[in-house]
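Student: just the structure for this:
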Amino acid sequence: MEGRPPAQPPAQEPSLPQAGAVERRDYTGAVYGSLLAASVVIGAGSLGSFPRLELVLLLLGSGVVFWAAHVCVRLFGERIMYVPVNGKEIRRACLAEWPIVQAAVPPAVAVAVTPLLGIGPRGAAWLALGVALAGHVAWSTAAAVRAGVTGRVLMAAGAVNLLLGLVVVLLKVGLTR
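Tutor: Okay, here's the model as predicted:
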């Protein structure tokens, strides 16, 4: 078409690290996954006869489903136009999106250990929410530090992510009354 620049491929992701190479970290999936875990806790509502087990399965299952969705989007979105889908690309996409699942593990573990701590199901949900939000702020801050952010910008990044977490807490408070 006249007047339109030709389509450009998306920026290529770095290839999988070679043995002994320094791994480049992308915290996007962990930040997203931790906020997803917090929203799963809020959306859980009243659970059945085994609320802790159900919440653990809901957290991990949601993480896996969203991971799979992100892998598919990564493979079959814009990339398919520029990069052939093969085993290497599938592995790269699976690894790149795996932090979404990893971010669901700490809140799930927190719920799983609540019987040992004498915490009831309602307290388990609050603990899971707190762990997920702490993960969200920690991963966001780690991403900002990794990006070389310092001083006021780092404080602002932490504050914004804490604010997002507090909005999630306000939703939980508002929805569980």
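Student: give me the pLDDT for the residue nearest in space to the middle of the chain.
Tutor: Nearest to the geometric centre of the chain sits residue 33, at 1.3 Å (CA atoms, centre = their mean). Residue 33 carries a pLDDT score of 85 in this model.
Student: can you name the residues in contact with the helix or strand encompassing it?
Tutor: Following DSSP states H and E, one finds residue 33 within helix 28-43. Under the contact criterion CB atoms under 8 Å, 6 or more residues apart in numbering, helix 28-43 has outside partners 55, 58-59, 62-63, 66-67, 70, 96-104, 107-108, 125, 128-129, 132-133, 135-136, 139-140, 143, 161, 164-165, 168, 171-172, 175. Heads up, the C-betas are built off the backbone N, CA and C, glycines and all.
Student: immediately after the one helix or strand in the chain whose mean pLDDT sits lowest, which helix or strand?
Tutor: The helix or strand of the chain with the lowest confidence, counting by mean pLDDT, DSSP states H and E, is helix 79-82 at a mean of 70. Downstream of helix 79-82, the first helix or strand assigned by DSSP H and E is helix 87-97.
Student: just checking, next helix/strand downstream of that next one?
Tutor: With secondary structure assigned by DSSP H and E, helix 87-97 is succeeded by helix 99-117.
Student: give me the helices and strands touching that next one, please.
Tutor: Under the contact definition 3 or more CB pairs under 8 Å, 6 or more residues apart in numbering; DSSP states H and E, helix 99-117 sits against helix 28-43, helix 51-76, helix 121-146.
Student: export it as CSV, just CAs?
Tutor: Coordinates of each C-alpha in helix 99-117 appear next as CSV, following Å, rounded to 0.1, in the frame of the first residue of the first chain:
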residue,chain,number,x,y,z
PRO,A,99,6.7,-17.0,36.0
ILE,A,100,2.9,-16.6,35.8
VAL,A,101,2.6,-20.1,37.3
GLN,A,102,5.5,-19.5,39.7
ALA,A,103,3.8,-16.5,41.1
ALA,A,104,0.8,-18.6,42.2
VAL,A,105,2.9,-21.0,44.2
PRO,A,106,3.7,-18.8,47.3
PRO,A,107,0.0,-17.9,48.0
ALA,A,108,-0.9,-21.5,47.4
VAL,A,109,1.8,-22.7,49.9
ALA,A,110,0.6,-20.1,52.4
VAL,A,111,-2.9,-21.5,52.2
ALA,A,112,-1.6,-25.1,52.5
VAL,A,113,0.3,-24.4,55.7
THR,A,114,-2.5,-22.5,57.5
PRO,A,115,-3.8,-25.6,59.3
LEU,A,116,-0.4,-25.9,60.9
LEU,A,117,-0.6,-22.3,62.0
